[in-house]
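Visitor: quick one, structure for this:
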Amino acid sequence: MELFKNPGFVILGLCGFIFFVSGFIQLKFPPKNINSLYGYRTKSSMQSKEAWDFAQRYSAIISIWIGAIMILLGVCSLMFPLLSNNFQVWVSLVIIFSSAGILIFSTEQKLKEKFIKK
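Guide: Model prediction:
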């Protein structure tokens with residue numbers, strides 16, 4: 001199929017789907033207790049049960065949004081067939097790593113605002 005020859009569609013679509021589904025699963029079935037296996041796990045999210053629960057919900061919602069945006073960008077990449085495959089791969093990788101950074105940065109900022117008293 002022609003769709004699967006477009007690296008922007010494949011990479012962003014697949015990673016977007018993974019972000020979306022993992023966020024949805026985490027939102028519907030959040031980890032009940034602080035653990036080191038499942039969920040959003042950072043030092044600030046594991047400092048208390050309240051911070052843990054907040055981080056799980058907040059990061060899941062952000063992950064769903066990021067996944068939806070990545071899927072949309074993957075579909076949009078089909079409109080630019082003249083761009084080289086290498087260029088689409090690099091742009092896709094930048095988007096994926098930036099999205100992961102946004103997820104972590106925004107969740108950490110919210111945790112800091114809500115749970116770390118100055």
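Visitor: need the contact list for the residue nearest the centre of the chain.
Guide: Per C-alpha atoms, centre = their mean, the C-alpha nearest to the average position across the chain is that of Ser63, at 3.8 Å. Applying C-beta atoms under 8 Å, 6 or more residues apart in numbering, we find Ser63 in contact with Phe19, Phe20, Ser22, Gly23, Gln26, Leu103. In this view, the C-beta of every residue, glycine as well, is placed from N, C-alpha and C.
Visitor: roughly how far apart are it and Ser36?
Guide: To Ser36, Ser63 is 19 Å away according to C-beta to C-beta, to the nearest Å.
Visitor: Asn85 too?
Guide: Going from Asn85 to Ser36 by C-beta to C-beta gives 39 Å.
Visitor: between the two, tell me which one has more neighbours.
Guide: Applying other C-beta atoms under 10 Å to Asn85 and Ser36 shows that Asn85 carries more neighbours, namely 11 against 7.
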